[in-house]
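A.B. asks: Structure for the following, please:
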Amino acid sequence: MKRAVLLPLVLTAACAGAPASPPGRAAPLPPAARPADAEPARAAQPAEARPLAAPKELSSVLRIADVRRTWGNVAQLLAGTPFGMMLLGPGQMAPEMLLEEALGPALAEVVDLGKPIDVAVLGTERPRFVASLSVPEREMPRLQERFVLKELKELKGHRGMLRVEGVREAEPEDRALPRVCALEPGDRSGSARLVCADDVQDLEAAAPYLVQVVGREPLEADARVEVPGRIIVEGVESTPDEDDDSHAGNVGVELVDAFARELESVSVDLTWVRPDIEVGLGMRFASRRSPLALAVTPATPRDAATPPAFFRLPRDTAIAFYTQGASRAELTPLREAFFRGIRDDMVDEGYDASGLDRFMDRLGTLAFTGGPFVIGSGGDRAAAEKALAAYQGGKGAPRARKAARGSLQSWFLVAVEEPAQAWVSGVKDLIQLGEVQDKKKAGAPAAGSAAPAAGATGGAPKGQASRGDEQDKEITDPVIVRAPAALPAGTLHVELRSRPLTKDAPPAHTSHLYVVPAGQRTWIGFGEDDAAVVERLRVAADPGRDERTLGAAPGAEALRQPGSLAGGLFSLASWTMLAASGDTPEALDDAAKALAGLARLPSRGEITMPFAMTSEVLGSGAARLSARVRVSSAGIHDVLALLMR
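C.D. replies: Got it, this is the predicted structure:
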C-alpha cells in the first residue's frame, strides 16, 4: 500500500495491549510518590461549607515554600551563567531588598520569607498580581501599634480581614503604602497572612481564595505554578488550525479539544534534591470521558512493577520508555477514532472501503489492544556528525547526501508481552491485505472520469503515482525476506523498500522490520541500518547478553520502583537525533546546525534524565496524572545554555 510506512509506525507506537558514558548519567530517581487513596464520592455540601471558587480572571497561581532557601538554591545554580546575571543582577540582589521595594520597609519587616508565599496572577494579556505572605506569630501583638488597621467590609464572604491603611508614628510622606494590603489574622497559630495587590478590586477578588483555599493546601515541592484548565482550553481554541483538511487531521483536533476541555488544572513544580532538581508535571481531569483522557489515566496498582523487558533494552538506548498501559476497553474510543481518520482519508484517495475495513479490523487485533509495552531508540551521534560534515564539505553530492541522511536514522525496539506467532501472522496478513488494496486502487478509474487505459493517470501501474497520490514524494513496497540466522527461529523479516517519486524526495532507501519471538514475549525491531537493528535485537532477546542491557547500566535500580504507570530516560542529544530526519537538503542543514549547537553545550546534551509517571482514578470520576523528571545541575546548565542561544 502507499501507506505501507504506517505499518511499522503503528506497530511500534501503538502496539500495547542509556547512554554508555557513566559521567553523563543523572542521580537515581527516588521512589515514585504515590497519590492518596481514591477520593470517595463527594456528598452535597451546604453553600456556606463549600470552598470558595477561584477568581474569575485567575490565570495561574505561584507558590514558593521557602523564599530564602529557593533564592539561595537558584543563585548557587545560576552563578556565573547569563541567566544568573539576568535574573539576579551583578550584585546578587537579596529577596529582602525586592520585598522592601514592593511593600515598603515597614510592611517588609513583618513578613517571614522562610514561610510559604502564594501569588495569584489575574488576567493574561496584562497580568496583575496578588500576593499572600506569611506573618510570624511574634509580630501579631504589635501590628495594631505599628499600622492603621480597619475592617475590610467589602469582603462579605470573609469577615475579619483588616485593611492596612498606613504606618503609625511615621513621617507623613512615609505613612502611605506602595500597595493595597490587608491582614488576615488567621484561625490558628502561625496562619496569619498579609495579602497585597495593586488595587483594592484585585485584593477583594483574590484575597479570600488565596487565604482560605490555596494557603490551606499542602505544598510538598519547593515551588509550584498551577494553571486552571480553562486557560489551557482558551489557548487551544485560540491556536490557528494548521492547513490540514484531512479526516485524520480533523480527528486529531477533536481529540485534543475534548482532552483540553476535561482539564481542571495543570501544574509544574520544582523540588531541590541536592545536587539535582526534580521537575514535576501534574494534570487533573474533571472526568475521563474523552478518548485521550481515558487512555492516559488508567488506575495503576500500588505494586505495579516495571516491565522486565524494559531492562532488556540495549545499554546504548538513548530514549527508553515503558508503560503499564491502559486496558483494551479504555483504549477502544481512541483506537476507533484513530482508525476512522486514517480509513476515511484512504477512501478519499481511491482505496476500496470494504477492503479497508478488513485491513483496519486486522490491524485492530494488534494495535491499541491494552497492556504493558516497552520502546527504546538510539542512534550513532558521532557517525552522524562525521557524515554531515562530509556532506557539507562535498557541497551536497548525491552519495554524501544519502550517507548523511542514513546516519541520522534511529533504530527502534519494541517489546510486548504476547507470543510472537500472533504478530508474525498479523503482519503477514496486513501486507497481503495491503497488496490487494493497491491492485484494486491501481485498476480503478479516477473520480469523475471513465476507466483509463493501462498506465494512464488514475490507473497507474504499481510503483507510480496516481491522481490521488500527487502529494506523495516516495512510494514504499513491503517485501518479506529471509531472516538472518543470528536471530531466533520463527523471526519475521520485512524489507520496506522506498524509492523517490519527485526530485525533492528522500533518496532510495530500505528499512527493516523484524518480529522476533522470545518465549511469551515479542520483540519488534525497526530501522534502516540492518546490522544495528539485528545486533540490538540479539542483545534484547538473548539472556546470555545481560551485561549489554540497560538493566546492567549504572542507576538502573532507580527505575525499578513499584507503582509507576510509566517511566524511562532521555537526554537532549537523544531528542535532537530522533527529530532529525535529513529527508531534504534543508533538513540536513538543520540537523547539522542542531548537532553543532549540542556540541557547544557544557555537557554536549548527553546528560541522561530519568522520569516516572503515576496516575490515579478518583472516586468522584476525576483523575490525576503526574510526571517527575530528575535533572542534575549539569543537565540544567545544558538546558539553560540551549535556551540562551
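A.B. asks: Starting from whichever strand or helix holds Leu270, tell me which strands it pairs with and how they run.
C.D. replies: Following DSSP states H and E, one finds Leu270 within strand 263-273. Pairing partners of strand 263-273, with direction, according to DSSP bridges: strand 223-228 (antiparallel), strand 276-285 (antiparallel).
A.B. asks: Could you verify my assumption that Gln324 touches Gly567?
C.D. replies: No. Assessed by C-beta atoms under 8 Å, Gln324 is found out of contact with Gly567, at 9.8 Å. Glycine gets a C-beta too; all of them are placed from N, C-alpha and C.
A.B. asks: Show me what Val273 bridges to in the sheet.
C.D. replies: Taking DSSP bridges as the rule, Val273 bridges to Asp276.
A.B. asks: what's the burial count for it?
C.D. replies: Val273 is flanked by 13 other residues according to other C-beta atoms under 10 Å.
A.B. asks: for Lys428, same thing?
C.D. replies: By the measure other C-beta under 10 Å, the count of residues near Lys428 is 14.
A.B. asks: Against Ser425, how distant is the nearest residue to Leu331 once chain neighbours are set aside?
C.D. replies: Take Leu331 and drop its neighbours on the chain: the residue closest to it by C-beta to C-beta, 6 or more residues apart in numbering is Phe368, 4.5 Å away. The gap separating Phe368 from Ser425 is 18 Å, by C-beta to C-beta, to the nearest Å.
A.B. asks: and what of Leu263?
C.D. replies: For Leu263 relative to Ser425 (C-beta to C-beta), the value is 41 Å.
A.B. asks: ok, these two, which is more surrounded?
C.D. replies: More crowded of Leu263 and Ser425, by other C-beta under 10 Å: Leu263, with 21 against 15.
A.B. asks: Model confidence at that one, what's the number?
C.D. replies: The model reports Leu263 with a pLDDT of 93.
A.B. asks: Stretch 401-415 spans what distance, first to last residue?
C.D. replies: The straight-line separation of the ends of stretch 401-415 (C-alpha to C-alpha, to the nearest Å) is 33 Å.
A.B. asks: tell me how far it is from the chain's mean position?
C.D. replies: How far stretch 401-415 lies from its chain's middle: 23 Å, per C-alpha atoms, centre = their mean, to the nearest Å.
A.B. asks: So the closest residue to Leu210 other than its chain neighbours: helix, strand or coil?
C.D. replies: Among residues not flanking Leu210 along the chain, Ser132 sits closest, at 4.1 Å (C-beta to C-beta, 6+ apart). Secondary structure state of Ser132, per DSSP: H, G, I helix; E, B strand; the rest coil, is strand.
A.B. asks: Is Ser132 in contact with Met161, as I believe?
C.D. replies: No. Ser132 is beyond contact range of Met161, at 11.3 Å (criterion: C-beta under 8 Å).
A.B. asks: who's more crowded, these two?
C.D. replies: Ser132 (25 against 22).
A.B. asks: what is that one paired to in the beta sheet?
C.D. replies: Asp118, Val195.
A.B. asks: circling back: could you identify which of the strands paired with strand 263-273 is most buried?
C.D. replies: strand 276-285 (a mean of 20; mean count of other C-beta atoms under 10 Å).
A.B. asks: what mean pLDDT would you report for it?
C.D. replies: Confidence over strand 276-285 (mean pLDDT, whole number) is 94.
A.B. asks: if we can go back for a sec, now the strands paired with strand 263-273 in CSV, with distance to Val515?
C.D. replies: Shown next, in CSV, are these (distance: least, C-beta to C-beta, whole Å):
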stretch, distance to Val515
strand 223-228, 43
strand 276-285, 34
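A.B. asks: So what does the residue lying closest to Met283 once chain neighbours are set aside look like in phi/psi?
C.D. replies: The shortest distance from Met283 to any non-neighbouring residue, by C-beta to C-beta, 6+ apart, is to Leu625 (4.6 Å). The phi and psi values for Leu625, taken as degrees, to the nearest 10, are phi -130, psi 130.
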